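Participant: how would this look folded up:
(chains A and B)
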Amino acid sequence: MSEVVRSVRGLLESHGEPLREVYLDSENSGLILPEALEEMVKTYRDYGYGHPSITHKRGWEAYEIIHKATDMLMRLIGVGEGEITYTHGGTEANNLAIRGLINYAREKKRRKIVYSSIEHLSVKFPAERLQKEGFKVVEIPVDKEGFININALEREIDKETLLVSIAWVNHEIGTIQDLRSIVEIVRDRDPEVYIHTDACDALGRFKLDFRKMDVDLASFSSHKVYGPKGVGMLYSKPEVRIHPIIYGQLSTQELWPGVENVPAIAGLYKSLENIERNLDNYMGNMRRLRDKLINSILTSVKDSVLNGPIGDRRAIDNVNISFLGCEGEALTVELSLRGVYVSSASACTSRTLIPSHVLIAIGRDYETAHGSLLMKITPIHSDKDIEYTIEQIVEAVDRIRSISPMRR
Amino acid sequence: MSSRIPLPYSSRVLDLFKNPKNLGRMEDANISAVAGSPACGDMIAIYLKVNDSQVVEKASFESYGCAANIAASSILTEMIKGKKLEEAWRISWRNISDELGGLPSVKYHCGILAVGALRRAIREYFKNREKPNWLPDTLTMEEKQALEEEKLIEVLSRRLK
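Facilitator: Predicted structure coming up:
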């Protein structure tokens, strides 16, 4: 039997010392703002270890941290009332939205769940699971840029429909949906249908105002706003009832048992505060860096194609480019050796041979999807980081292509 | 889905990825074979120069695939140099994995594909020659797996259109 590699020490040592390190994989796990980290550590050390529902000073201090973060989030997303439930990540928030609604609405006659063909797996997989339990699930197709087919959506809204779940911004290709039109159409056809939006990639990318966006449930993730990992949030409108999906000791919140991750929530507060202060600046600067990265790569690398839309309809942080004739996983390893950390939608890590469902849904063929790189710009990145990244990508693609039997 | 399954490569895999041995098309090869396809995200070409005593004088490869795929093809070409075709035929994907200091389980198929490509090349060699006793009539697991991968992806790609 072959040995499983348990130590990565040699692997790490082979990396040497690159001229620069640029972490562009905030899709899979976000980097943290220094002030958020500092707040988290300070809070944990000094007082934030208390249980927020116990009646002593440490408990009340923890309680206050949660409330401060909650108020800040509600202000940022423009809601005056409703409920914020803390989970331990965006995946859990999406699962809670879908499963929680099903648990509540089980006795209702409605059995249809509608979502798009490019939803995050934490929406797609719970829906597919429900299909096995007898629910009808419908995937709405998207166009070549990832915008959902509004007519197809409209046709699926009827007396059977229980839930529509559409991400505001797609996590892989940055498509910003016209959520307002989507909400209007759904409400118009049937006001009783619940609407959930996965807003993990929307928060911090443009101004959100849920007073003007009549959704019932919305998910968020702390690491996607450069806060600590281990915190997700689900917003639910005041009149919307859902049921818990896991059970245990009652915390300060009804919908998610277990102690809230209070120190991380303290860090989250700092990163939300940062967004409140700097969003206008980010919308200019991150977008500029995004376009610099996209345009330079497309002009300097032969046979490279952008996945997703351009301009205002693309998230300010998202860069997703396919390099034909270049397998994505090899490219991520080559770039890692050069100090540039990115991910790929290549199927190389699974035995299914099927790459990202998002790229396939926008009509990319398998080879194009295997050769994709996903990069996310953050407020921490500088022009120098982006210039270094461009240089390294040009060389890395060249090298990987030179190994391939399909010369380009 | 992006690359999320932990992939602890051995340092041997990374070394061969950085400095692959026997990389490149061989101009004076007398036999070559390909396994996998671009749509699989996994494709290996093997080139051999075999002399009249059925000994592999030279071996090289090209790979469109992940780091493990590149390392597996490279190490295989290294392992068969100077070997008789009969010995080369007996190399299994597990020998490759051992030689690489272990492969993550999701990467076993890289070793399998490399062996598949080599065995295709060896069969090709005996197409117009007398078939030796050690060469089985039916496809081995590695050859079948390569074939299955190619067929499956063809079906999936067709379904896409």
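Participant: Excluding chain neighbours, give the residue nearest to whatever residue of chain A ends up closest to chain B in space.
Facilitator: Proximity of chain A to chain B (CB to the nearest CB) peaks at A:Gly10, 2.9 Å away. Yep, even glycine has a C-beta here, placed from its N, CA and C like the rest. Closest residue to A:Gly10 apart from its sequence neighbours, by CB to CB, 6 or more residues apart in numbering or on different chains: B:Ser11 at 2.9 Å.
Participant: mind saving the C-alpha coords of the helix or strand containing the residue of chain A closest to chain B as PDB?
Facilitator: In this assignment (DSSP states H and E), A:Gly10 forms part of helix A:9-13. Written as PDB, here are the backbone C-alpha positions of helix A:9-13 (Å, rounded to 0.1, in the frame of the first residue of the first chain):
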ATOM      1  CA  ARG A   9       7.700  20.000   5.600                       C
ATOM      2  CA  GLY A  10       9.800  19.100   2.600                       C
ATOM      3  CA  LEU A  11       7.100  20.500   0.300                       C
ATOM      4  CA  LEU A  12       7.200  23.800   2.100                       C
ATOM      5  CA  GLU A  13      11.000  23.900   2.100                       C
END
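Participant: quick check, distance from it to the centre of its chain.
Facilitator: 30 Å (CA atoms, centre = their mean, to the nearest Å).
Participant: Show me what that helix is packed up against.
Facilitator: When contacts are defined as 3 or more CB pairs under 8 Å, 6 or more residues apart in numbering or on different chains; DSSP states H and E, helix A:9-13 packs onto helix B:11-18.
Participant: Off-centre distance for the helix it packs on?
Facilitator: 17 Å.
Participant: does any bit of the very next helix or strand once past it sit next to chain A?
Facilitator: Of the helices and strands lying after helix B:11-18 in sequence (DSSP H and E), the nearest is strand B:31-37. Yes - legend: contact between strand B:31-37 and chain A by CB under 8 Å from any CB of the partner chain is shown at B:Val34.
Participant: The residue of chain A closest to chain B: what's it in contact with?
Facilitator: When contacts are counted by CB atoms under 8 Å, 6 or more residues apart in numbering or on different chains, A:Gly10 touches B:10-11, B:14.
Participant: any idea how far it is from B:Ile75?
Facilitator: 16 Å (CB to CB, to the nearest Å).
Participant: What backbone torsions are found at A:Val259?
Facilitator: Note on A:Val259: its backbone torsions stand at phi -70, psi 130 [degrees, to the nearest 10].
Participant: Now the helix holding A:Gly10: buried residues?
Facilitator: Across helix A:9-13, burial judged by 16 or more other CB atoms under 10 Å in any protein chain shown covers A:10-11.
Participant: Check which element follows it along the chain.
Facilitator: strand A:22-23.
Participant: so how many other residues sit close to residue 14?
Facilitator: Looking at chain A here, since you left the chain open. A:Ser14 has 17 neighbouring residues, counting by other CB atoms under 10 Å in any protein chain shown.
Participant: ah, I was thinking of chain B
Facilitator: B:Leu14, neighbours per other CB under 10 Å, totals 23.
Participant: At which residues are the helices of chain B located?
Facilitator: Along chain B, counting by DSSP state H, helices occupy B:11-18, B:67-80, B:85-89, B:93-99, B:108-125, B:141-160.
Participant: Also the stretch 51-200 of chain A?
Facilitator: A:57-76, A:90-105, A:121-132, A:150-156, A:179-189 (DSSP state H, counting those that start in this stretch).
Participant: buried sites along the first one?
Facilitator: What it means is helix A:57-76. A:59, A:61-63, A:65-66, A:69-70, A:72-74, A:76.
Participant: Now tabulate those in a markdown table and tack on distance to chain B and pLDDT.
Facilitator: Output for those, formatted as a markdown table (distance: CB to the nearest CB, whole Å; pLDDT from 0 to 100):
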| residue | distance to chain B | pLDDT |
| --- | --- | --- |
| A:Gly59 | 37 | 94 |
| A:Glu61 | 36 | 96 |
| A:Ala62 | 32 | 95 |
| A:Tyr63 | 35 | 95 |
| A:Ile65 | 31 | 96 |
| A:Ile66 | 30 | 96 |
| A:Ala69 | 28 | 97 |
| A:Thr70 | 30 | 96 |
| A:Met72 | 30 | 97 |
| A:Leu73 | 27 | 97 |
| A:Met74 | 32 | 96 |
| A:Leu76 | 28 | 96 |
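Participant: Can you add distance to A:Ser382 and mean pLDDT and give the helices of chain B back as TSV?
Facilitator: As requested, the helices of chain B are exported to TSV (distance: least, CB to CB, whole Å; pLDDT from 0 to 100):
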stretch	distance to A:Ser382	mean pLDDT
helix B:11-18	28	93
helix B:67-80	29	96
helix B:85-89	52	96
helix B:93-99	42	94
helix B:108-125	37	94
helix B:141-160	40	81
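Participant: hey, which of those is tucked in deepest?
Facilitator: Comparing the helices of chain B by mean neighbour count (mean count of other CB atoms under 10 Å in any protein chain shown), helix B:67-80 comes out on top with a mean of 27.
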